[in-house]
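Enquirer: this is the structure alone, sequence omitted:
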Ligand code: CTP
Ligand code: CA
């Protein structure tokens, strides 16, 4: 397979990235989903490939082109995404940027639900697996460096620190997604890098530059024997 940078800071490393939303079917024509363009996750996959990594990008439905030099595995639902991640292991780094739907419809219809005299469908929800937590807590084959995201609308850093502990990952990029910030679907992002021991607030950057800076940090952590 062709590598973009055989001697970059992540050369010889396998990086798994999740990106985009998941779609959880209600019936064959309807679904529930989170808002996500996939821009940040795809930019990270591209930056990791440019740093020399072998990259597996597991992506929910997005309208973005496949980044050059990256193996793309398209999926729809959260459960398919988890299975694809497990199939892609082992890896040196897992970066889980997908906006995974927290719930799926437990009683999804095999046929299109029809409107009948104003009666409302009764949708029963079931909780989806937490992909980041499941992989971070694995006894065997946990990637040594696990990165998550935290999309928050208030108390951004405190919520990110709680998520880091709850999910068992090593690093969280936390961002403020309250409507005023325009992060959703936009091209820039203001993030805080949160680990168990420190918090770094980055300036507002393009999603491409957030990706490059993250990959640079991960390269340093790996070189420093952190993973
Ligand atoms: N995540 C995941 N699988 C899920 C839900 C979330 O892998 N079923 C990952 C996301 O990709 C992200 C991180 O967990 O890296 C945090 O996602 P977020 O939605 O902010 O956290 P939740 O734990 O779902 O909490 P809440 O939505 O209640 O804030
Ligand atoms: Ca969630």
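Expert: Cool, got the structure. Predicted model, so just to flag it, every value in this text is computed and none were measured. Ligands and ions are numbered 1, 2, ... in the order given.
Enquirer: run through who's touching stretch 39-47.
Expert: 15, 17-20, 55, 57, 59, 62, 64, 67-68, 70, 95, 97-98, 149, 185, 187, 189, 207-208, 210-212, 214-215 (C-beta atoms under 8 Å, 6 or more residues apart in numbering). C-beta: built from backbone N, CA, C; applies to glycine.
Enquirer: and the strand ranked longest in the chain, how far from the chain's centre?
Expert: Under DSSP state E, the strand in the chain containing the largest number of residues is strand 145-152. Strand 145-152 sits 8 Å away from the centroid of its parent chain (C-alpha atoms, centre = their mean, to the nearest Å).
Enquirer: next helix or strand past it?
Expert: helix 156-167 (DSSP states H and E).
Enquirer: tell me the contacts of the spatially closest residue to residue 216 that is not a sequence neighbour?
Expert: Nearest residue to residue 216, sequence neighbours excluded (C-beta to C-beta, 6 or more residues apart in numbering): residue 9, at 7.4 Å. If you count contacts by C-beta under 8 Å, 6+ apart, residue 9 has them with 51-52, 215-216, 219-220, 222-223.
Enquirer: can you confirm residue 9 is in a helix?
Expert: No - using DSSP: H, G, I helix; E, B strand; the rest coil, the assignment for residue 9 is coil, not a helix.
Enquirer: all strands of the chain, in order?
Expert: Going by DSSP E, the chain shows strands at 14-19, 23-27, 30-33, 54-59, 71-74, 93-96, 103-105, 125-127, 145-152, 171-176, 188-189, 191-194, 199-201, 205-206.
Enquirer: in terms of secondary structure, what does the first one contact?
Expert: Think strand 14-19. helix 39-50, strand 54-59, helix 78-88, strand 93-96 (3 or more C-beta pairs under 8 Å, 6 or more residues apart in numbering; DSSP states H and E).
Enquirer: could you redo the last one with a cut-off of 6 Å?
Expert: helix 39-50, strand 54-59, strand 93-96 (3 or more C-beta pairs under 6 Å, 6 or more residues apart in numbering; DSSP states H and E).
Enquirer: let me have these in CSV, extended by mean pLDDT and distance to ligand 1.
Expert: Shown next, in CSV, are the helices and strands packed on strand 14-19 (pLDDT from 0 to 100; distance: least, C-beta to the nearest ligand atom, whole Å):
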stretch, mean pLDDT, distance to ligand 1
helix 39-50, 98, 9
strand 54-59, 98, 11
strand 93-96, 98, 4
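Enquirer: dump those into JSON lines; add mean neighbour count as well.
Expert: JSON lines is the format used below for the helices and strands packed on strand 14-19 (neighbours: other C-beta atoms under 10 Å):
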{"stretch": "helix 39-50", "mean neighbour count": "27"}
{"stretch": "strand 54-59", "mean neighbour count": "25"}
{"stretch": "strand 93-96", "mean neighbour count": "28"}
